[in-house]
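Novice: no sequence on this one, just coordinates:
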């Protein structure tokens, strides 16, 4: 018997596998009718999932962890049987800031260490001349976009809370706020960086993969309480996502995938832009500028608890919560691969371009190393 | 008596915002400011320093408010999301109506609840009005189509108006369709064969 599920998503390129699972009838073949409902904010996605308006949702992985841990007024345990991909973000800066960084940069601008240090000089000069602080946008307090900005700033010994102003800008407003000078740069997902470049308002400074390789991004989230009584549906839906992932990995399906993503995009995005978004940065076939390294392959959708722990560590480093073993355990438990499809591959571990290596088994040491670095620098 | 609460309404629909503002004023809340859903939202809110923020769920700016209540540095007073989450009925009603609210931390629930009640009922009234307007519009549209199709049938078959209408109704009944749908098919066919 076919079961109908309402699934909320935000119209971004990385909702890809949900669109594929529906359009290619992978869900239908497993007895699931997917009703995909586009929404405008991550807060809405969270509230509608928690309140039961959605059965499942395309959700920022750290937002799913935050709500499960009760960080920020709402506590509702969620589970992610499968992830929806890795990477996809980029840091874009205004043309003015790009020029200023170019002036200060000592070395290759493609190196985030070089740009972070250049940014520190720009920040210091602005302070000396009494100019307002630089404002950098991201998409949600609990987002890898936010953490990627912090990790980049840290490499330049810039205090993300004191030296610059971090703010949330809804992606549809990013290009406009950059044009108006209300933000000087932002970290956002596809296709928004490409659209800012196309509009001539900014330059992509770094791909997300330059900051964090294999960065956790969105997950398929469900309520833990609902999961208890809907194991079959969750498993079928997660399997359909895995089918979609395998389908998307077949080179012959690339143009069908690109067309589907262009058709399901809420804002006008050309198939050429989508095509390059799906490229690996620096790959000889793609335009390096727009290629995000967005990964939709099977390895990229495995809900590995180690990734949840990495995100939890970033939350602690950002001062959003304190560390405790119990919280870490609860964060890891949000990623529930047991409910998802069996994926034989080992999962990619997020690797940051700078700072201490992360070990899921010893988060306090990782956090201490991050903190030390900051104190030494300050 | 405590001072008037300052209420900010973020809604890109000015008509609905006006209806809500009117409702709040009628209940004695005179300190209501409508903010358009724009990019300099943080500055506007900072200037108004509201006790209660009501926001349309269709506004992507909601995520900006989420950031505000995590980082109180950007606003004078910390802001929290409305009602405690145990009040499931209120949350359902708010989501149904399409609104969310943020309040200054520590504001008593009994002061906030009447405001939320008014907001929910005004949003619902507006949605109902919109639906009725749409339905009236489409009824008018249907009637126009039926009249046009009737004329086409009258001309094609050289029959009077009542017979043309009876014929269309008969076809609609036979095919289990609405007469307006039959009318649209007739118009499409006539345009095709012209």
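Specialist: Structure received. Quick caveat: nothing in here was measured; it's all calculated off a predicted structure.
Novice: from here on, just use CA atoms for contacts and neighbour counts.
Specialist: Will do.
Novice: and residue B:170, what element?
Specialist: Residue B:170 is part of helix B:161-174 when elements are defined by DSSP states H and E.
Novice: counting by contacts, list what the very next helix or strand once past that helix packs against.
Specialist: The helix or strand immediately downstream of helix B:161-174 is helix B:179-193, counting by DSSP H and E. The contact analysis (3 or more Cα pairs under 8 Å, 6 or more residues apart in numbering or on different chains; DSSP states H and E) places helix B:179-193 against helix B:109-157, helix B:161-174.
Novice: show me what counts as buried in the shortest one.
Specialist: For helix B:161-174, the buried set under the neighbour-count rule, 16 or more other Cα atoms under 10 Å in any protein chain shown, comprises B:164, B:165, B:168, B:169, B:172.
Novice: just the closest of those to residue B:59, please.
Specialist: Nearest to residue B:59 among the buried residues of helix B:161-174 is residue B:172, at 42.5 Å by Cα to Cα.
Novice: look up how far chain A lies from the closest one.
Specialist: 32 Å (Cα to the nearest Cα, to the nearest Å).
Novice: show the contacting residues for that residue.
Specialist: B:178, B:179, B:181, B:182 (Cα atoms under 8 Å, 6 or more residues apart in numbering or on different chains).
Novice: what about the residue in the stretch 251-378 of chain A positioned nearest to chain B, which SS state?
Specialist: The nearest approach of the stretch 251-378 of chain A to chain B comes at residue A:320, 7.9 Å away (Cα to the nearest Cα). Here residue A:320 takes the coil state, with states given by DSSP: H, G, I helix; E, B strand; the rest coil.
Novice: state the phi and psi torsions of it.
Specialist: Residue A:320 adopts backbone torsions of phi -80, psi -20, taken as degrees, to the nearest 10.
Novice: and residue A:79, by the same measure?
Specialist: phi -130, psi 140.
Novice: contacts only, for it.
Specialist: Going by Cα under 8 Å, 6+ apart, residue A:79 touches A:64, A:221, A:222, A:223, A:224, A:227, A:333, A:334, A:335, A:336.
Novice: on that earlier part again, which of the buried residues of helix B:161-174 lies closest to chain A?
Specialist: residue B:172 (31.6 Å).
Novice: and that closest one, how far is that from residue A:174?
Specialist: Separation of residue B:172 from residue A:174 (Cα to Cα, to the nearest Å): 51 Å.
Novice: domains of chain B: list them as residue ranges, please.
Specialist: Chain B is divided into the following domains under automatic domain parsing: B:7-131, B:136-193.
Novice: residues of the stretch 201-350 of chain A that sit close to chain B?
Specialist: Within the stretch 201-350 of chain A, the positions adjacent to chain B are residue A:320 by Cα under 8 Å from any Cα of the partner chain.
Novice: I'd like the helices and strands packed on helix B:179-193 written out as TSV, with mean pLDDT added.
Specialist: Listed next are the helices and strands packed on helix B:179-193 as TSV, based on pLDDT from 0 to 100:
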stretch	mean pLDDT
helix B:109-157	90
helix B:161-174	94
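Novice: residue A:317: neighbour count?
Specialist: The tally of other residues near residue A:317 (other Cα atoms under 10 Å in any protein chain shown) stands at 20.
Novice: so which bits of whichever strand or helix holds residue B:53 are buried?
Specialist: In the assignment (DSSP H and E), residue B:53 maps to strand B:52-56. Using 16+ other Cα under 10 Å as the test for burial, strand B:52-56 gives B:52, B:53, B:54, B:55, B:56.
Novice: picking up where we left off before, how about the buried residues of helix B:161-174 in a markdown table, adding distance to residue B:128?
Specialist: Shown next, in a markdown table, are the buried residues of helix B:161-174 (distance: Cα to Cα, whole Å):
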| residue | distance to residue B:128 |
| --- | --- |
| B:164 | 36 |
| B:165 | 33 |
| B:168 | 32 |
| B:169 | 31 |
| B:172 | 30 |
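Novice: where does the prediction get shaky in chain A?
Specialist: Low-confidence segments of chain A, defined by pLDDT under 70: A:280-291, A:372-378.
Novice: contact partners for the residue most central in space within it?
Specialist: Compute the mean C-alpha point of chain A, and by Cα atoms, centre = their mean the closest residue is residue A:217, 3.4 Å away. By Cα under 8 Å, 6+ apart, the contact list for residue A:217 reads A:60, A:61, A:83, A:84, A:85, A:86, A:87, A:88, A:143, A:144.
Novice: and the residue of the stretch 51-200 of chain A found nearest chain B, how many neighbours?
Specialist: Closest residue of the stretch 51-200 of chain A to chain B, Cα to the nearest Cα: residue A:168 (5.1 Å). Counted with other Cα under 10 Å, residues neighbouring residue A:168 total 26.
Novice: got phi/psi on it?
Specialist: According to degrees, to the nearest 10, residue A:168 has phi -90, psi 130.
Novice: also the one 4 residues further on?
Specialist: According to degrees, to the nearest 10, the main-chain angles of residue A:172 amount to phi -60, psi -20.
Novice: ok, residue A:202 next?
Specialist: According to degrees, to the nearest 10, residue A:202 has phi -160, psi 180.
Novice: my guess is it meets residue A:91, correct?
Specialist: No. The criterion here is Cα atoms under 8 Å, and residue A:202 misses it with residue A:91 at 10.0 Å.
Novice: that older thread, okay if I get the contacts of residue A:79 as a markdown table plus neighbour count and secondary structure?
Specialist: Output for the contacts of residue A:79, formatted as a markdown table (neighbours: other Cα atoms under 10 Å in any protein chain shown; DSSP: H, G, I helix; E, B strand; the rest coil):
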| residue | neighbour count | secondary structure |
| --- | --- | --- |
| A:64 | 31 | helix |
| A:221 | 32 | strand |
| A:222 | 27 | strand |
| A:223 | 22 | strand |
| A:224 | 17 | helix |
| A:227 | 19 | helix |
| A:333 | 21 | helix |
| A:334 | 28 | helix |
| A:335 | 30 | strand |
| A:336 | 19 | coil |
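Novice: and the furthest pair within those?
Specialist: Every pair of these checked by Cα to Cα; the farthest is A:64 and A:227, at 14.6 Å.
Novice: got the contact list for the closest residue to residue A:37 other than its chain neighbours?
Specialist: Take residue A:37 and drop its neighbours on the chain: the residue closest to it by Cα to Cα, 6 or more residues apart in numbering or on different chains is residue A:8, 4.7 Å away. Counting by Cα under 8 Å, 6+ apart, residue A:8 makes contact with A:36, A:37, A:38, A:39, A:45, A:49, A:54, A:56, A:57, A:58.
Novice: restricted to helices, list those residues.
Specialist: The members of these that map onto helices under DSSP state H are A:45, A:49.
Novice: make a markdown table out of the contacts of residue A:8 and add distance to residue A:21 and neighbour count.
Specialist: Compiled in a markdown table, the contacts of residue A:8 are given as follows (distance: Cα to Cα, whole Å; neighbours: other Cα atoms under 10 Å in any protein chain shown):
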| residue | distance to residue A:21 | neighbour count |
| --- | --- | --- |
| A:36 | 11 | 19 |
| A:37 | 14 | 14 |
| A:38 | 16 | 17 |
| A:39 | 19 | 18 |
| A:45 | 20 | 26 |
| A:49 | 20 | 24 |
| A:54 | 17 | 23 |
| A:56 | 14 | 30 |
| A:57 | 14 | 28 |
| A:58 | 13 | 30 |
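Novice: now the contacts of residue A:8 as CSV including distance to residue B:159?
Specialist: Formatted as CSV, the contacts of residue A:8 follow (distance: Cα to Cα, whole Å):
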residue, distance to residue B:159
A:36, 50
A:37, 49
A:38, 51
A:39, 53
A:45, 58
A:49, 59
A:54, 55
A:56, 58
A:57, 58
A:58, 59
